[in-house]
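Asks: Predicted model and sequence follow; I will ask about them next.
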Amino acid sequence: MWNLTRFASSRLSRTRRLFSSAIPGPCIVHKRGTDILHDPWFNKDTGFPLTERDRLGLRGLLPPRVISFEHQYDRFMDSYHSLEKNTKGQPDSVVALAKWRILNRLHDRNETLYYRVLMDNIKDFAPIIYTPTVGLVCQNYSGLFRRPRGMYFSAKDKGEMMSMIYNWPAQHVDMIVLTDGSRILGLGDLGVQGIGIPIGKLDMYVAAAGINPQRILPVMLDVGTNNQKLLEDRLYLGLRQPRLEGEEYLSVVDEFMEAVHTRWPKAVVQFEDFQMKWAFETLDRYRKRFCMFNDDIQGTAGVALAGLLGSARAQGRSLANFPDQKIVVVGAGSAGLGVLSTAVQAVARMTGKQETAAQNFYLLDKDGLITKERKNLDPAAAPFAKDPGQIVGLREGASLLEVVKKVKPDVLLGLSGVGGVFNEEVLKALRESGATRPAIFAMSNPTMNAECTAADAFKHAGENIVFASGSPFENVQLGNGKVGYVNQANNMYLFPGIGLGSLVSGARFITDGMLQAAAECLASYMSDEEIQKGILYPSINSIRHITAEVGASVLRAAVAEGLAEGHGEVGPNELAHMSKEETVEYVFRNMWFPIYSPLVHEK
Ligand SMILES: NC(=O)C1=CN([C@@H]2O[C@H](COP(=O)(O)OP(=O)(O)OC[C@H]3O[C@@H](n4cnc5c(N)ncnc54)[C@H](O)[C@@H]3O)[C@@H](O)[C@H]2O)C=CC1
Ligand SMILES: CC(=O)C(=O)O
Ligand SMILES: [Mg+2]
């Protein structure tokens, strides 16, 4: 059934009014006939009005009846629901890929309708265009490939990137998501097949942040792959060579960043799913030169911090008690370390004591508890390594079960990429920890890599827990009408707002202050009543609203730091004089909304 804006929250009525003022004005297309029908940006399928059919050479190329946008929408949803019915009982992966295909076909054909159905049905469609299905799509990308989307820069393109960047047909690009495919979700090195991730992230940018889809650019940097299976796969579409390393690798990324910056100096670049060593190295290398951030390190950290603060509130305590929480982080990669350093900084700010800020945090990796006795201790993990003298009863490399039994944590947070590491014994040990309301964050993606399922968490750790996972799970029915609430702790709650706020402020860089503002905005979004029910994050149905709020917070932080250079007609002074409400309105006004624009001037 057609519904103009099918958002759940009543908070959004103001959003609707603002959307209507964001509708773009008339535009003129320079194409004619089938060229228009084959251009997903301009194509309206059967929706072309008769005047446009006449004046754009479309008469006779379409069935005669003009179908309204609303009717097209309903037709698509009907076919989607028929597909759901017809695939009932088939394996989950078959159903998921069938759903992805039907959406992808629409994306290829008619972007306006695609983004409208995506926005209006974001709760149902995010799991298809984003995690978990996007993981399956990446794994099967070479077989699923029909037509390219985005740009591909490979190690063979060295020296050519500056001219290649001008091959992109759009004159303006605002938002780029870039991967080298080396750590796609928890699925490892997927080489060129990782392009599905920038595509999915940018779909979220359009749906959540209202970035104009004509101004997005998904990018794959193909520097080879170390995935032997892919190298031997005859369908594999990427370079058949081992990954570049060291300076050779960095010179490719450098060349790409220079090329992008030359053509689109104001574009925001999001680094996504780089293996840890390059995630940290590139962030460090570029963050003071370009407007960029690493979503896995920085976006994830803010979402996790908001969730951790929420779980402290869910215990009925004041936020001032947050530093007393004992938190076990499982996974010392780019995401785990990003979360840990942000959470430790938050404790240091609250207590005013840097030296002791990490004392209630415990970090484990594949070799168990990380202590200062660890051989070849990674410098990035070193600040969180425990001093063996201060952890009586625990040793270097202690297992997760041993750590949970000994530490009796309040929070177990997984970013290990390993499905099931929060096993029955670990969850039962957590139940016995004596924590008022233990919190479990099984943040690894996709679903099969989650550290535990929602059902297992409530079953073994107790009905009183707070639960969040990186990929969506259904709420758990606990019996007697009681429901175990499942949160989705995913960086999707922040990266669209970080990108949007940076863009519309015209920020030169993305600073820790801007990221902190984003996290604080998300953390303060939920009411006490919601938090008491174990609801830590807003419904994904209100993602556009939360993204506008986050974007405005990021903008204000950029202004406060003197980094906002303005955007379009709005200069830095104007930004600096906006009230809080005005910044939110300004951000909303800059959001694109999918509706057919006239393609010819009215006579
Ligand atoms: N929910 C969200 O928003 C996000 C989730 N993630 C997920 O986090 C996971 C990890 O991502 P990265 O940190 O970038 O990966 P990474 O490969 O850099 O790090 C993985 C870490 O987990 C550790 N590990 C592996 N097996 C383990 C085990 N059995 N027990 C304890 N630790 C173990 C490794 O030693 C390593 O320290 C992925 O599944 C990814 O999808 C990442 C970013 C955001
Ligand atoms: C969500 C995300 O960015 C990841 O799993 O890598
Ligand atoms: Mg990621």
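Replies: Structure received. Numbering: from 1, shown residues only. Ligands and ions are numbered 1, 2, ... in the order given.

Asks: From now on I want contacts and neighbour counts done on CA atoms only, so please keep to that.
Replies: Will do.

Asks: Please name the nearest non-neighbouring residue to the most centrally placed residue in the chain.
Replies: Residue closest to the mean C-alpha point of the chain, counted by C-alpha atoms, centre = their mean, is residue 492 at 3.4 Å. Of all residues not flanking residue 492 in the chain, residue 204 sits nearest, at 7.5 Å (C-alpha to C-alpha, 6 or more residues apart in numbering).

Asks: list the contacts for that neighbour?
Replies: 126, 130, 492, 496 (C-alpha atoms under 8 Å, 6 or more residues apart in numbering).

Asks: how about a cut-off of 10 Å?
Replies: Going by C-alpha atoms under 10 Å, 6 or more residues apart in numbering, residue 204 touches 115, 118-119, 122, 126, 129-130, 198, 210-211, 492-493, 495-496, 543-544.

Asks: Select from these every entry located in helices.
Replies: Using DSSP state H, 115, 118-119, 122, 126, 129, 198, 495-496, 543-544 are the members of the contacts of residue 204 that sit in helices.

Asks: can you narrow these to ones near ligand 3?
Replies: Near ligand 3, judged by C-alpha under 5 Å from the ion, there are no entries from those.

Asks: got a markdown table for these, with pLDDT too?
Replies: Output for the ones in helices among the contacts of residue 204, formatted as a markdown table (pLDDT from 0 to 100):
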| residue | pLDDT |
| --- | --- |
| 115 | 98 |
| 118 | 98 |
| 119 | 98 |
| 122 | 98 |
| 126 | 98 |
| 129 | 98 |
| 198 | 98 |
| 495 | 98 |
| 496 | 98 |
| 543 | 98 |
| 544 | 97 |
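
Asks: Spell out which residues of the chain are next to ligand 1.
Replies: Contacts of the chain with ligand 1, taken as C-alpha under 6 Å from any ligand atom, map to 185-186, 275-276, 296, 300, 330-336, 364-366, 415-418, 443-445, 470, 489-491.

Asks: Surely residue 564 is in contact with residue 514?
Replies: No: Residue 564 is beyond contact range of residue 514, at 11.0 Å (criterion: C-alpha atoms under 10 Å).

Asks: joint contacts of these two?
Replies: 501-502, 507, 555-558.

Asks: out of those residues, which are inside helices?
Replies: Those of those lying in helices (DSSP H): 501-502, 555-558.

Asks: And the residues of the chain next to ligand 1, which of them are buried?
Replies: Buried members of these, scored by 16 or more other C-alpha atoms under 10 Å, are 185-186, 275-276, 296, 300, 330-336, 364-365, 415-418, 443-445, 470, 489-491.

Asks: So which residues of the stretch 251-400 of the chain form helices?
Replies: 276-286, 300-314, 334-351, 400-407 (DSSP state H, counting those that start in this stretch).

Asks: picking up where we left off before, residue 70: which of the ones in helices among the shared contacts of residue 564 and residue 514 is nearest?
Replies: Proximity of these to residue 70 (C-alpha to C-alpha) peaks at residue 501, which lies at 31.4 Å.

Asks: Tell me which residue in the stretch 501-603 of the chain sits closest to ligand 1.
Replies: For the stretch 501-603 of the chain and ligand 1, the shortest gap (C-alpha to the nearest ligand atom) falls at residue 537, measuring 12.5 Å.

Asks: Relative to ligand 2, how far out is that residue?
Replies: Distance of residue 537 to ligand 2, computed by C-alpha to the nearest ligand atom, to the nearest Å: 15 Å.

Asks: For that residue, which three-state class applies?
Replies: Assigned with DSSP: H, G, I helix; E, B strand; the rest coil, residue 537 falls in the coil class.

Asks: What pLDDT is listed against it?
Replies: pLDDT, residue 537: 98.

Asks: what do you get for residue 249?
Replies: Residue 249 is given a pLDDT of 98.

Asks: May I ask which helix or strand encompasses it?
Replies: helix 246-263 (DSSP states H and E).

Asks: Can you get me the centre-to-centre distance for that helix and its chain?
Replies: Counting by C-alpha atoms, centre = their mean, to the nearest Å, helix 246-263 is centred 24 Å from the centre of its parent chain.

Asks: swap in stretch 470-479?
Replies: That offset, for stretch 470-479, works out to 20 Å (C-alpha atoms, centre = their mean).

Asks: doesn't the residue nearest to residue 492 fall inside a strand?
Replies: No: if the criterion is three-state DSSP, then residue 204 is helix and not within a strand.

Asks: can you tell me how far it sits from ligand 3?
Replies: 13 Å (C-alpha to the ion, to the nearest Å).

Asks: what's the answer for residue 311, then?
Replies: 23 Å.

Asks: what does residue 270 give?
Replies: Residue 270 is 10 Å from ligand 3, by C-alpha to the ion.

Asks: cool, and residue 577?
Replies: Taking C-alpha to the ion, one finds residue 577 at 35 Å from ligand 3.

Asks: Check residue 154 too.
Replies: Taken as C-alpha to the ion, the span from residue 154 to ligand 3 is 21 Å.

Asks: Any idea how many residues pack against that residue?
Replies: 21 (other C-alpha atoms under 10 Å).

Asks: Contacts only, for the closest residue to it other than its chain neighbours.
Replies: Distances taken as C-alpha to C-alpha, 6+ apart put residue 222 closest to residue 154, at 4.4 Å, once the chain neighbours are dropped. Counting by C-alpha under 10 Å, 6+ apart, residue 222 touches 152-157, 179-182, 191-195, 238-241, 243-244, 252.

Asks: rerun that using 8 Å as the cut-off
Replies: 152-155, 180-181, 191-192, 238-239.

Asks: are any of those buried, and which?
Replies: 152-155, 180-181, 191-192, 238-239.

Asks: related to what we said a few turns ago, among the contacts of residue 222, which pair sits farthest apart?
Replies: 155 and 181 (13.3 Å).

Asks: Show me whatever sits in contact with both of these two.
Replies: 221-222.

Asks: which stretch of helix or strand covers the closest residue in space to residue 235 that isn't next to it in sequence?
Replies: Leaving aside its sequence neighbours, residue 235 sits nearest to residue 142 (C-alpha to C-alpha, 6+ apart; 5.8 Å). Element membership for residue 142 (DSSP H and E) is helix 141-144.

Asks: Can you name the residues in contact with that helix?
Replies: With C-alpha under 8 Å, 6+ apart, helix 141-144 has contacts from 137, 193, 196, 235-237.

Asks: Run a quick neighbour tally on residue 345.
Replies: With other C-alpha under 10 Å as criterion, residue 345 counts 17.
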